[in-house]
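# Here is my input; please provide its structure:
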Amino acid sequence: MKTPRSWLILFIILALLDGVAWYFWDTYYADKKPVEMTVAAGPAISDSYLLMTEISEVIARHNPHIILNVQATGGSSQNIQLLQAGKADFAVVQSSSPAVSRAQLVAHLYPNIYLLLAHPDSGIENIGDLVGRRVAVPPFGSGDLKSFWQIGDHYDLPIEKLQWLAMPLKDAIVAMEQHRVDAIFLLQAPRNAPLIRLIEDMAISKRPLPRFIPVDQGDAMALKRPFLQSNILPKGTYLGAPPVPARDVPTVGIEQLLLTREETDPELVQALTEILFEQRGDILLRTPLAKHISSPNLDTGGASLTVHEGAERYYLRNEPSFLQENAEPLALVITVIGIGGSALLGLRKKFSSTQKNQADSFNLDVLAIGRRAASAESLTETRTCKQELQSILERMIDDLDNDLVTEDGFQSFALTWEAVRDLINDRVRELEKKA
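Below you'll find the model as predicted:
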């Protein structure tokens, strides 16, 4: 039967456990409101906007404490501005965008590739044939327009002889069908859904299908602009029968990056990064772009960007700790220290034993002098014993100074020495009385 004291102790323990449970519930779960964040994603019909929309829905399914609002914008330039001004927590930008303060990398999303489409009756076979032709290019204010001039710069196209017209893709396709433009330049993901639908519609209605012009000097272009990467647009990317394009087309790619501000909560960034990679299958069911999502090089980041602390925590989650990574060297060091310590202890023990033996030797010599003095029959003999006793004391003090004898050994010797000295003095007095 429990005593009143036992019941009191049990009550106190239960009360403490209840208090701890309540603390954790109140801190981490109770009334925890979802955190709303915004991502500047690009035009509403762009691949980046569609991808971030799908990611937002997957986040809502797997982490109810995070709400990611997807904001339509004019493109990378505006996205950077919104991020820097604090009006967006994340931004999708091209790797060619100039780095800004406070912007850090979360992940690589997918590559955009340079696409140059020509009307089949235009006679355009290569980039040089664009001179004197009408070319539809991306709208003003978009980073895509700069990409067209990067091609013009590398291939040395005379600006004054290019008839370029800025317009959206849908308008550009119509203009090319009506022979108002001869070619279209665009920067898109390899399987851009609107472009696929347009080409399929053209094939179904028996309209002439565009010809894909190669951008065949990607490696050379990357020497001047390192953010560019050589790429291949595979045969049949947009249509299988007839294949569009009709053959593999060399081109150039540029990465789309997901950025955040340096001060964004690392835990939120880590949670978002975890969903990007742990729930990639869910995202992939919604859009094939998800297969391109990848982690950055943690040593170089992306371009001149550093990786955000929260994202880095996720990427390094499986990295061994310092102790795990250096287990063998540390074990060797500990073993050496152990052996060294044992050796030192052994040496110390041996040294202490030597010191004790030295003290014992002095004590035996003193006792021998005492025995001789006790049986001495003349004052001359006792004086000799006294001189030898003094000599032993001097040797003992010298050994003590040189750590050949311990303090304890000296104390023991001192007691013996004083006893023998008193014995000699008594024997001297006895012999003087007889004399």
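# Using the three-state scheme, assign the closest residue to residue 405 other than its chain neighbours.
When the adjacent residues along the chain are set aside, residue 405 lies closest to residue 399, with 4.6 Å between them (CB to CB, 6 or more residues apart in numbering). For glycine as for every other residue, the C-beta is placed from the backbone atoms N, C-alpha and C. Following DSSP: H, G, I helix; E, B strand; the rest coil, residue 399 is assigned to helix.
# Based on its surroundings, how many neighbours for residue 399?
Taking other CB atoms under 10 Å as the criterion, the count of residues near residue 399 is 19.
# Surely it is in contact with residue 361?
No - Residue 399 is not in contact with residue 361 according to CB atoms under 8 Å; the separation is 9.9 Å.
# before we move on, back to that, ok, now which ones touch the residue nearest to residue 405?
By CB atoms under 8 Å, 6 or more residues apart in numbering, the contact set of residue 399 is 358, 362, 405.
# quick one: which of these is most hemmed in?
Neighbours here mean other CB under 10 Å. Within the contacts of residue 399, the largest count is held by residue 405, at 26 neighbours.
# I'd assumed it was in a helix, is it?
No - with the criterion set as three-state DSSP, the secondary structure at residue 405 is coil rather than a helix.
# What's the separation between it and residue 413?
Residue 405 sits 8 Å away from residue 413 when distances are taken as CB to CB, to the nearest Å.
# shared neighbours of the two, which are they?
Overlap between the neighbourhoods of residue 405 and residue 413 consists of 359, 362, 396, taking contacts as CB under 8 Å, 6+ apart.
# So which of those sit within helices?
Secondary structure assignment by DSSP state H places 359, 362, 396 of the shared contacts of residue 405 and residue 413 in helices.
# one step back: from the shared contacts of residue 405 and residue 413, which is closest to residue 423?
residue 362 (16.6 Å; CB to CB).
# does that closest one really touch residue 398, like I thought?
No - counting by CB under 8 Å, residue 362 sits too far from residue 398 to count as a contact (11.1 Å).
# Report the buried residues of stretch 370-379.
By neighbour count on 16 or more other CB atoms under 10 Å, the buried set for stretch 370-379 is 370, 372, 373, 376.
# Now intersect those with the strands, please.
Here DSSP state E is the test, and those give no hits in strands at all.
# what helix or strand does residue 77 sit in?
With secondary structure defined by DSSP states H and E, residue 77 is part of helix 76-84.
# Parallel or antiparallel, list what pairs with whichever helix or strand comes after that helix.
Heading C-terminal from helix 76-84, the first helix or strand you meet, by DSSP H and E, is strand 90-94. With DSSP bridges as the criterion, the sheet partners recorded for strand 90-94 are strand 35-42 (parallel), strand 249-261 (antiparallel).
# among those, which is nearest residue 123?
strand 249-261 (17.9 Å).
# List the contacts of the next helix or strand after that closest one.
Remark: after strand 249-261, the chain's next helix or strand is helix 266-278, criterion DSSP H and E. Outside helix 266-278, the residues within contact range by CB under 8 Å, 6+ apart are 35, 37, 55, 58-59, 62-63, 65-66, 68, 90, 106-107, 260, 283, 293, 295, 308-311, 313-315.
# between helix 266-278 and strand 249-261, how big is the angle?
Helix 266-278 and strand 249-261 meet at an angle of 150 degrees, taking axes from the mean of the first three to the mean of the last three CA atoms, to 10 degrees as the criterion.
# Quick check: buried residues in helix 266-278?
268, 269, 270, 271, 272, 273, 274, 275, 276.
# Any chance of those residues in CSV with distance to residue 201 and pLDDT as columns?
Supplementary listing: the buried residues of helix 266-278 in CSV, determined by distance: CB to CB, whole Å; pLDDT from 0 to 100:
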residue, distance to residue 201, pLDDT
268, 42, 93
269, 41, 93
270, 43, 93
271, 41, 93
272, 37, 93
273, 38, 93
274, 40, 93
275, 35, 93
276, 33, 92
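# for the residue nearest the centre of the chain, phi and psi?
What sits nearest the mean C-alpha location of the chain, by CA atoms, centre = their mean, is residue 312, with 4.1 Å. Listed backbone geometry of residue 312 is phi -60, psi -40, with angles given as degrees, to the nearest 10.
# And the nearest residue to residue 295 once chain neighbours are set aside, how close does it get to residue 103?
Counting by CB to CB, 6+ apart, residue 315 is the residue found nearest to residue 295 once chain neighbours are left out, at 5.2 Å. Residue 315 sits at a distance of 18 Å from residue 103 (criterion: CB to CB).
# more neighbours, those two?
Remark: of residue 315 and residue 103, residue 103 carries more neighbours, 22 against 16, as counted by other CB under 10 Å.
# Save the strands paired with strand 90-94 as TSV, and put in distance to residue 428 too.
Formatted as TSV, the entries for the strands paired with strand 90-94 read as follows, by distance: least, CB to CB, whole Å:
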stretch	distance to residue 428
strand 35-42	101
strand 249-261	99
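# Now tabulate those in CSV and tack on mean neighbour count.
Listed next are the strands paired with strand 90-94 as CSV, based on neighbours: other CB atoms under 10 Å:
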stretch, mean neighbour count
strand 35-42, 22
strand 249-261, 23
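# Quick one: closest of those strands to residue 137.
strand 249-261 (15.7 Å).
# Now do the closest one against helix 76-84, angle only.
Angular relation of strand 249-261 and helix 76-84 on a 0 to 180 degree scale: 20 degrees, by the same axes, to 10 degrees.
# what mean pLDDT would you report for strand 249-261?
Averaging the model's pLDDT scores along strand 249-261 yields 92.
# mind saving the C-alpha coords of it as PDB?
Listed in PDB are the C-alpha atoms of strand 249-261, where the atom choice follows Å, rounded to 0.1, in the frame of the first residue of the first chain:
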ATOM      1  CA  VAL A 249      19.300  20.500 -83.000                       C
ATOM      2  CA  PRO A 250      22.300  22.000 -81.100                       C
ATOM      3  CA  THR A 251      21.400  25.000 -79.000                       C
ATOM      4  CA  VAL A 252      22.300  26.900 -75.800                       C
ATOM      5  CA  GLY A 253      20.800  26.600 -72.400                       C
ATOM      6  CA  ILE A 254      20.600  28.900 -69.400                       C
ATOM      7  CA  GLU A 255      19.600  27.800 -65.800                       C
ATOM      8  CA  GLN A 256      16.500  29.100 -64.000                       C
ATOM      9  CA  LEU A 257      17.300  29.500 -60.300                       C
ATOM     10  CA  LEU A 258      15.200  29.800 -57.200                       C
ATOM     11  CA  LEU A 259      16.500  32.600 -55.000                       C
ATOM     12  CA  THR A 260      15.600  33.900 -51.600                       C
ATOM     13  CA  ARG A 261      16.800  36.800 -49.300                       C
END
